[in-house]
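Asks: sharing a model that was predicted from the sequence below.
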Protein chains: 2
Amino acid sequence: MQQEHKHNRAQVTLDDIAERVGMSRTTVSRALGGHSDVSDRTRQRIEKAARELGYRPHTVARRLATGRSFTICAITGKLPFIRDALFIEVLDVFRRQLTSAGYDLIIGSRDPGVSGVGDAISLIRQQQVDGVVLLETDIEDPLLSRIVEMETPLVLFGRSPEHPELPYVDTDGLAAISTVVEYLARLGHKRIGYIGGPPWAVCAVQRLKGYLKACRSYGVSSDGLYIEMDHSGLAEGYSAAYALLNRTQTVPTALICYSDAMAFGAMRAAYELGLRVPDDLSVVGFDNVALDDFTIPKLTSVAQRTRDIGEHLARLILSEVEGEPTNPAQVLLGTELVVRESSKPPQAQGAP
Amino acid sequence: MQQEHKHNRAQVTLDDIAERVGMSRTTVSRALGGHSDVSDRTRQRIEKAARELGYRPHTVARRLATGRSFTICAITGKLPFIRDALFIEVLDVFRRQLTSAGYDLIIGSRDPGVSGVGDAISLIRQQQVDGVVLLETDIEDPLLSRIVEMETPLVLFGRSPEHPELPYVDTDGLAAISTVVEYLARLGHKRIGYIGGPPWAVCAVQRLKGYLKACRSYGVSSDGLYIEMDHSGLAEGYSAAYALLNRTQTVPTALICYSDAMAFGAMRAAYELGLRVPDDLSVVGFDNVALDDFTIPKLTSVAQRTRDIGEHLARLILSEVEGEPTNPAQVLLGTELVVRESSKPPQAQGAP
DNA sequence: CTGTTAGCGCGTTCAA
DNA sequence: TTGAACGCGCTAACAG
């Protein structure tokens, strides 16, 4: 019935346009592909026709023909899916950047599924993705090595000790935790505890290093005051804090946590042990998630520059994919300590 | 050097296998495609060769040839990306189901990007997806209508008043909230407040309905005790609770929230107003997220059956896509009220 | 049961 | 500046 909307489901092809303007499909392809060897008049006519017909290039066909996919694959850490609010934020801006550059984002899984669909290696081999972004860098990562072998454009969130030459974006976790220790030490804390993330993750190692180094620098003890956990969730924060706080002596007066989730768990543990935050115990988290402004007390936390992370990741992977190297290819981003209600000077105590 | 791993990056094609076993590519295709018209001996040889060569079907080529994509597109609500913990959980099990059925999952965006990449309509038209799952059902949704017009397999999370015939999975929010009201009324609460979600979302409307209906049933007033917000986040919960609680009279002794995030915000507001939860105010959330077990106090909440939601969504969309209708095609799931520390009988008060 | 032929929509030679 | 012909890897229709 309607003239305008008859192409509701059907794909408008180059041939349709070619027929409309009475030219060969090849010419249409070149005109729309932005090649220079087409006369202006022809190009105009073709573009007009394309617009009128509502032409959209058929991505799948283009992929098969070119061997490129205009798709970037992001791979999260060992967790089954995206769980972490930080990743969601980063992915959000990352995705926007890709989109405005004409690229698509697909979330790949680390391990091959039953049918071999959707895992990173298959995606690369089948040219379904032009490049890969790894969102968690581990000390040792067989997947990472395989991707490197395949010579696929690759950018990391985090530095890899195995492959130090790769382009990356990273948050300076060492400096960040040092700053937190300094902040707490300046407040007067003498026993500052640390609840660490999984030791296989590079960023967890760096942050622990920062803690230990800063403790030495500021002359506060770290003996028996830190713990490394295998995950960075609520439950781990809770049990780690419970272990650290439920002692007869050497109880920390401040607790730095690898993640905000751990900090929430830690606050709960403190509460159950009869310790008030921040009066009896200061707590500092990491990531500055939205919830930090609504907990009781509001959580002091380290803010990563999520926007910059996403933008740099996009810039780097796109330049890798398009073969136009940008500088710098390795970006280390600073952090900001957002002080809220969960941290304050320690109570005066009856220590000699 | 190595014989085994020389096919590191290159795609092994059907032709490679065909050459190896000395047969035509077509036969190989049929054998691997599980068609019945291949002799057992041939199939065995072909499968063996495929295994040895490390063959993986080239998805893109298959898509172009068949017009099918073996990919399902999930579309979230009006928020820019997946923000909600519930969706993440649902998507996680949904994704597993798809994977084990040989399907891929792609997250589509609602609105066309600058370059027309990744939006749902383009994905469908270009046969990049075989079916669509809409994760939030709105009262009116132009996108939904367009997808229906295109006659694409479609399953909703939530019932659509515009398209009541569509297959869906939904949580019985009306019954859920009724149960909560009943629970609180039985505890002795006379003034039960409700903080609602966006009125354009079907589930928010249903839950509000459940609240109003139950209030009538149990003889408690709802006058001026409820509020509808345009989003369901922390900030909205906070300001809604602030508005409801910061009055000289008619202050509720219990607050039901559309989401856990809103409940967290509400608890913070109560705290700032000097109300203790649960002594002065009971708070109940919705979604039963992991954090509920770690807040202070732990949050009483309504648990949706996330696992079932994901599984049913997968079952329904797959049967739609494969053209084998399953029953029931419309699933309404119950909920469970998980009572924790944030709810208890109201304080005895000096009312006549 | 198996092979031959054709075509999915597009990009890219090579001639004209 | 334009067009004809070929191929990307795979599946489907039709013979044999």
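Replies: Happy to help now that I have it.

Asks: run a quick neighbour tally on the residue in the stretch 151-300 of chain A that DNA strand C sits nearest to.
Replies: Of all residues in the stretch 151-300 of chain A, the one sitting closest to DNA strand C is A:Pro153 (17.5 Å; C-beta to the nearest atom of the strand). C-betas here are computed from N, CA, C, even on glycine. Neighbour count of A:Pro153, defined by other C-beta atoms under 10 Å in any protein chain shown: 21.

Asks: now do the one 10 residues further on
Replies: Here the neighbour count serves as a burial measure; for A:His163 (other C-beta under 10 Å) it reads 16.

Asks: for it, what are its contacts?
Replies: Residues counted as contacts of A:His163 (C-beta atoms under 8 Å, 6 or more residues apart in numbering or on different chains) are A:144-145, A:148.

Asks: for the residues you listed, which one is nearest DNA strand C?
Replies: A:Val148 (26.3 Å).

Asks: just to check, that closest one is in contact with A:Leu154?
Replies: Yes. Between A:Val148 and A:Leu154 there is a contact under C-beta atoms under 8 Å: 6.7 Å.

Asks: mind listing the shared neighbours of these two?
Replies: In contact with both A:Val148 and A:Leu154: A:Leu166, using C-beta under 8 Å, 6+ apart.

Asks: between the two, which one's more packed in?
Replies: A:Leu154 (24 against 16).

Asks: what ranges do the helices span in chain A?
Replies: A:14-21, A:25-32, A:40-53, A:59-66, A:85-100, A:120-125, A:142-149, A:173-187, A:202-217, A:234-245, A:260-272, A:306-322 (DSSP state H).

Asks: would you convert those helices into JSON lines that also reports mean pLDDT?
Replies: Below are the helices of chain A laid out as JSON lines (pLDDT from 0 to 100):
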{"stretch": "helix A:14-21", "mean pLDDT": "87"}
{"stretch": "helix A:25-32", "mean pLDDT": "88"}
{"stretch": "helix A:40-53", "mean pLDDT": "86"}
{"stretch": "helix A:59-66", "mean pLDDT": "84"}
{"stretch": "helix A:85-100", "mean pLDDT": "84"}
{"stretch": "helix A:120-125", "mean pLDDT": "76"}
{"stretch": "helix A:142-149", "mean pLDDT": "90"}
{"stretch": "helix A:173-187", "mean pLDDT": "98"}
{"stretch": "helix A:202-217", "mean pLDDT": "97"}
{"stretch": "helix A:234-245", "mean pLDDT": "97"}
{"stretch": "helix A:260-272", "mean pLDDT": "97"}
{"stretch": "helix A:306-322", "mean pLDDT": "94"}
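
Asks: can you list the ones you listed in CSV and add distance to DNA strand C?
Replies: Output for these, formatted as CSV (distance: least, C-beta to the nearest atom of the strand, whole Å):
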stretch, distance to DNA strand C
helix A:14-21, 4
helix A:25-32, 4
helix A:40-53, 10
helix A:59-66, 3
helix A:85-100, 18
helix A:120-125, 19
helix A:142-149, 25
helix A:173-187, 42
helix A:202-217, 38
helix A:234-245, 48
helix A:260-272, 45
helix A:306-322, 13
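
Asks: just name the most buried of the ones you listed.
Replies: helix A:260-272 (a mean of 26; mean count of other C-beta atoms under 10 Å in any protein chain shown).

Asks: show me what that helix is packed against.
Replies: helix A:234-245, strand A:254-257, strand A:282-286 (3 or more C-beta pairs under 8 Å, 6 or more residues apart in numbering or on different chains; DSSP states H and E).
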